[in-house]
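Chemist: pasting the sequence and the predicted coordinates here, then a few questions.
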2 protein chains.
Amino acid sequence: MTVSRVFSGRGPVSDELRKKVILISREHEYTPNPLARGLAGQRTQNLGLIWWHMHDMLASELMIKIVNHLQGFGFVVNVADCSCWAEKARYTRILEDFDRRRFEGVVAQLDLENPGESSILDRLRRFPAAVIATAYGIDAPCDQVILERRTGFIEAAEYFVASGRKTPVVMGRHEINQPKFDAFCRTLQNHNVPVKDATIIELDYPPLYTDEELRTCVWRNLTRRFPQKIPFDALMCTSDQEAWCAIAWFHSRGLRVPQEVAVVGFGDYMYNSILTPPLASVDRRLEQTACAIDTLLMNRLKQPDLPPQKHVVNMKFIWRESAGS
Amino acid sequence: MTVSRVFSGRGPVSDELRKKVILISREHEYTPNPLARGLAGQRTQNLGLIWWHMHDMLASELMIKIVNHLQGFGFVVNVADCSCWAEKARYTRILEDFDRRRFEGVVAQLDLENPGESSILDRLRRFPAAVIATAYGIDAPCDQVILERRTGFIEAAEYFVASGRKTPVVMGRHEINQPKFDAFCRTLQNHNVPVKDATIIELDYPPLYTDEELRTCVWRNLTRRFPQKIPFDALMCTSDQEAWCAIAWFHSRGLRVPQEVAVVGFGDYMYNSILTPPLASVDRRLEQTACAIDTLLMNRLKQPDLPPQKHVVNMKFIWRESAGS
DNA sequence: CACTTAAAAGGGACCGGTCCCATATCGCTA
DNA sequence: TAGCGATATGGGACCGGTCCCTTTTAAGTG
């Protein structure tokens, strides 16, 4: 009937009648039933958001920002979490459910590095989808925002060199950080700083860890590797936590930060400007990332046939006193 | 038709026919359409989760835990955020939308202290709802989990007294923390420790603040109030951030923590066991809170006519070195 | 004023389930 | 074997919209 035209906005209705409909429906507190709408037409005003693991500050903060933005566009956002890394099947099942529920679009956090994701990508392709990827140059058949973490390492390395450090090193878990280590080392080489085995300090804590475990791991590795004197004058870490642990260890050795060792963290989570010394870090650019995701998804909804878009967000070095001057 | 019976589980079907239906539907990859189901029956398998402001670590972590649990029960969770404190209208509008979409239940974070919430409560009552409340003894007509923060303050005060501190004080934003201050002071009095004006150090930073602003505020207030010697030997704070700022200030004055001042934070966010001195704090009991919410909501869905339930979660003092011994 | 043409309004099938009720099936007793 | 009740199955209206197509209305033209 005509009422449908008024509320959906498609099809011609005379101004006079439209006003009458609106008036009457307001009287009766009528609003279209979203379920019926979804069943008949295809617009459910529902979006899905699926995350590999939300228990991660980047993930959760980002999620909240995205939810907030998408809400602003009038969507209802359904959140799903696949915290078990191993369970690819669960991820797929959730996507299937999204499909059944006729969600209009999906925001997915995905590790495109992992070749096993292809079955997920297949399903994802059925929606207008925007993927947050941590991959390095992989072509997925959907829109993606790429979190380029390496820029943080490059900028830190450059800062170290520029401020006269002779022997910068980098520390972190090896498995997931190799590309960042490479970027760091390459930058040093580009500035004629020799890269040795000792330039990379590998940590071996598990993917899910307590602060206590992290602390023990950092102290153990540093103590084992450098029982006497430390052969470096600048340390880049893959997280702020690691950086704080390292600083505590340096202090326990009587080393001053940044005079004797410069330290830079990664992520810029919190407390960095509160504690002493204020910790230099790398800003994750959450706001930009969230905006990029939203824009990509909204554009895709408007123009489904656009070729896949790619948006790179470069994370940025933030100077604070721990980096020295 | 019979298929509906098989999938919905209500109504009698012979085993033979049931097997046949399942077999065939598997062949055709058939699964019931949730939208149609919601439209006809009333079970949408949708839950709503509405938060006053998610940009808050307690809120976001809690939300993630709850989403995770509820997912486990086969629900799809819709997340909504009303970050603007002032906008009560928005909250109500979102609840109306939940209603229209026939959500089966709602988890709501709400500040029951605020008398203006009654219109929200009215709407909330239409659903099976579980409310996370920060209120002190208010009776709402729905299930609630009450986050009892005061226990943390009471336990800290008791610890201070027991460990021989003579002049403990408490610090924080006045507006929202008065009940906690009261609990702290009352505990001191119960142990015959005199409470003076100086026992409460009020901070005046805004509800939304940067780390920088917080730091400045703490330093300014401490410096202004205690230009010479500090008249206390133990400090309880309303957040870990405040505690770290205070510790930094004490260090700048040459005071040792915990020897000359014991310090306890609140929230036990992160880094507390990594940094020096390890910071005593109060655990927010997120896991318990999330479980309580889930249980309450699931029970309510099963038995809608149960009288409103109330579950109190007591936050708990966590000893670490900064509290002294 | 008759005649074309476009815009506005309404009719009815359909989306894919659930639910009430009528009918079919079956075993059991009298 | 007719009669009965309980369980199984199928029919049809309905939930509340959208969309295609037809009919009505209004405006524009020779």
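Modeler: Looks like it came in fine.
Chemist: let me see the mean pLDDT of the helix or strand harbouring residue A:66.
Modeler: For residue A:66, the host element (DSSP states H and E) is helix A:57-72. Taken as a whole, helix A:57-72 carries a mean pLDDT of 89.
Chemist: ok, whatever helix or strand comes next after that helix: who's next to it in the sheet?
Modeler: Downstream of helix A:57-72, the first helix or strand assigned by DSSP H and E is strand A:76-81. Note on strand A:76-81: by DSSP bridges, its sheet partners are strand A:46-51 (parallel), strand B:76-81 (antiparallel).
Chemist: the inter-axis angle of strand A:76-81 versus helix A:57-72?
Modeler: Interaxial angle, strand A:76-81 versus helix A:57-72 (axes from the mean of the first three to the mean of the last three CA atoms, to 10 degrees): 160 degrees.
Chemist: give me the low-pLDDT residue ranges for the stretch 1-150 of chain A?
Modeler: Applying pLDDT under 70 to the stretch 1-150 of chain A picks out residues A:1, A:84-86, A:112-116, A:135-138.
Chemist: which one of the residues in it is closest to DNA strand D?
Modeler: residue A:4 (2.7 Å; CB to the nearest atom of the strand). Where you see a C-beta, it was placed from the backbone N, CA and C, and this is true even at glycine.
Chemist: could you measure from that residue over to residue B:209?
Modeler: 48 Å (CB to CB, to the nearest Å).
Chemist: before we move on, back to that, mean neighbour count and distance to residue A:18 added to the strands paired with strand A:76-81, as TSV?
Modeler: Shown next, in TSV, are the strands paired with strand A:76-81 (neighbours: other CB atoms under 10 Å in any protein chain shown; distance: least, CB to CB, whole Å):
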stretch	mean neighbour count	distance to residue A:18
strand A:46-51	24	27
strand B:76-81	24	30
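Chemist: TSV for these, including distance to residue B:133?
Modeler: As requested, the strands paired with strand A:76-81 are exported to TSV (distance: least, CB to CB, whole Å):
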stretch	distance to residue B:133
strand A:46-51	27
strand B:76-81	18
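Chemist: go through those and name the closest to residue A:259.
Modeler: With CB to CB, the closest approach to residue A:259 among the strands paired with strand A:76-81 belongs to strand A:46-51: 41.6 Å.
Chemist: follow-up on the earlier one: any idea how far the residue of the stretch 1-150 of chain A closest to DNA strand D is from residue B:99?
Modeler: The separation that residue A:4 has from residue B:99, given CB to CB, amounts to 21 Å.
Chemist: same deal with residue A:212?
Modeler: From residue A:212 over to residue B:99 the distance is 46 Å, taken as CB to CB.
Chemist: which one of the strands paired with strand A:76-81 lies closest to residue A:270?
Modeler: Minimum separation from residue A:270 across the strands paired with strand A:76-81 (CB to CB) falls at strand B:76-81, 20.0 Å.
Chemist: which stretches in chain A count as strands?
Modeler: Applying DSSP state E to chain A gives strands spanning A:46-51, A:76-81, A:105-110, A:129-133, A:143-148, A:168-173, A:200-203, A:234-237, A:262-264, A:281-283, A:310-314, A:316-318.
Chemist: stretch A:217-235 vs chain B: in contact?
Modeler: No: shown here: stretch A:217-235 not in contact with chain B (CB under 8 Å from any CB of the partner chain), separated by at least 8.7 Å.
Chemist: just the CA coordinates of that stretch, formatted as CSV?
Modeler: Provided in CSV are the C-alpha atoms of stretch A:217-235 (Å, rounded to 0.1, in the frame of the first residue of the first chain):
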residue,chain,number,x,y,z
CYS,A,217,59.8,-13.6,30.1
VAL,A,218,61.4,-10.2,29.4
TRP,A,219,63.6,-10.3,32.5
ARG,A,220,64.7,-13.9,31.9
ASN,A,221,65.6,-13.2,28.3
LEU,A,222,67.4,-10.0,29.0
THR,A,223,69.3,-11.4,31.9
ARG,A,224,70.3,-14.6,30.1
ARG,A,225,71.4,-12.7,27.0
PHE,A,226,73.2,-9.9,28.7
PRO,A,227,74.6,-11.1,32.0
GLN,A,228,77.2,-8.4,32.0
LYS,A,229,77.0,-5.2,30.0
ILE,A,230,74.3,-4.5,27.4
PRO,A,231,75.7,-4.0,23.9
PHE,A,232,73.0,-1.6,22.7
ASP,A,233,72.0,2.0,23.4
ALA,A,234,68.4,2.0,22.1
LEU,A,235,65.6,-0.5,22.3
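Chemist: who in chain A is up against DNA strand D?
Modeler: Neighbours of DNA strand D within chain A, by CB under 7 Å from any atom of the strand: A:1, A:3-4, A:7-8, A:10, A:30-33, A:36-37, A:39-42.
Chemist: just the buried residues from those residues, in ChimeraX please.
Modeler: Here is the ChimeraX command that selects the buried residues among the residues of chain A next to DNA strand D (16 or more other CB atoms under 10 Å in any protein chain shown):
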select /A:3,4,7,37,39
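Chemist: list the contacts for the nearest residue to residue A:256 once chain neighbours are set aside?
Modeler: Spatial nearest neighbour of residue A:256, excluding adjacent residues (CB to CB, 6 or more residues apart in numbering or on different chains): residue A:250 at 7.8 Å. By CB atoms under 8 Å, 6 or more residues apart in numbering or on different chains, the contact list for residue A:250 reads A:256, A:257, A:260, A:261, A:263.
Chemist: can you check residue A:296 too?
Modeler: Per CB under 8 Å, 6+ apart, neighbours of residue A:296: A:130, A:143, A:144, A:145, A:309, A:311.
Chemist: top of these by neighbour count?
Modeler: Neighbour counts for these, by other CB atoms under 10 Å in any protein chain shown, peak at residue A:130, which reaches 29 neighbours.
Chemist: out of the contacts of residue A:250, which are buried?
Modeler: By neighbour count, with 16+ other CB under 10 Å, the contacts of residue A:250 hold A:257, A:261, A:263 as buried.
Chemist: surely the first one meets residue A:322?
Modeler: Read that as residue A:257. Yes: counting by CB atoms under 8 Å, residue A:322 is a contact partner of residue A:257 at 5.6 Å.
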